[in-house]
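Chemist: Only the shape, not the letters, is given here:
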Ligand code: ADP
Ligand code: 5GP
């Protein structure tokens, strides 16, 4: 058995957050990394739980200090994975990162033993419905996120696994099987 660093990526609204939350709730041997971001918190988001919400100046300083395993800019905001958190947690448990494909591919360069998992939607229409019904972005932001979809999915061959999130419980089972399999390698 080993502790693994899993990276879960996929287009916005595909169900990454839902799946990762469900898996970490079920598995006490898996913890989610908390990223830093310069975007404003959404209603119900708590500093230190969904993200560490920091200023752009602080983010830039931490980049210069080499504090991030990887970082990227999305929709005008920066997002990064704190290196120290991941390394400390991996001593005890497996760690899952919920990040975009570029971040995932960069994480693999920095940490080649990490496992890349792409979550794909059953269809583009269903993905849009989910984003609309999540009701957390404006129409313009939803269009922005949809326009990135093709790019995100085009990277799936560089990922180790693809999980289609149609029925949530089936996708969760698939994700847990991958986790088990990788732990036992
Ligand atoms: P992401 O983290 O990838 O942006 P979320 O986990 O926030 O996506 O999911 C987007 C929306 O879709 C949420 O409202 C969530 O409850 C819903 N959702 C997630 N998975 C499914 C599924 N398999 N079937 C239907 N709705 C889903
Ligand atoms: P959101 O604003 O919807 O929470 O996230 C927007 C995008 O940022 C998503 O694609 C999400 O996966 C990505 N993201 C979140 N945290 C990180 C991170 O630490 N690094 C990178 N590269 N992307 C991240």
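Modeler: In hand now; what should we look at? Quantities reported herein were computed from a predicted structural model and do not represent experimental measurements. Ligands and ions are numbered 1, 2, ... in the order given.

Chemist: Where does pLDDT dip in this structure?
Modeler: Of all residues in the chain, none has pLDDT under 70.

Chemist: residues from it in reach of ligand 1?
Modeler: Applying Cβ under 6 Å from any ligand atom, one finds that the chain approaches ligand 1 through 10, 12-18, 130, 133-134, 165, 168. (Each C-beta comes from the backbone N, C-alpha and C, glycine too.)

Chemist: What distance do you get for residue 88 to ligand 2?
Modeler: 16 Å (Cβ to the nearest ligand atom, to the nearest Å).

Chemist: Okay, and that residue sits in which element?
Modeler: Assignment of secondary structure by DSSP states H and E places residue 88 within helix 83-90.

Chemist: On the C-terminal side of that helix, identify the next helix or strand.
Modeler: Sequence-wise, the next helix or strand downstream of helix 83-90 (DSSP H and E) is strand 94-98.

Chemist: Which elements pack onto that following strand?
Modeler: When contacts are defined as 3 or more Cβ pairs under 8 Å, 6 or more residues apart in numbering; DSSP states H and E, strand 94-98 sits against strand 5-9, helix 16-26, strand 30-32, helix 83-90, helix 101-110.

Chemist: cutoff 10 Å now
Modeler: Contacts defined by 3 or more Cβ pairs under 10 Å, 6 or more residues apart in numbering; DSSP states H and E place strand 94-98 against strand 5-9, helix 16-26, strand 30-32, strand 77-82, helix 83-90, helix 101-110, strand 115-120, helix 168-183.
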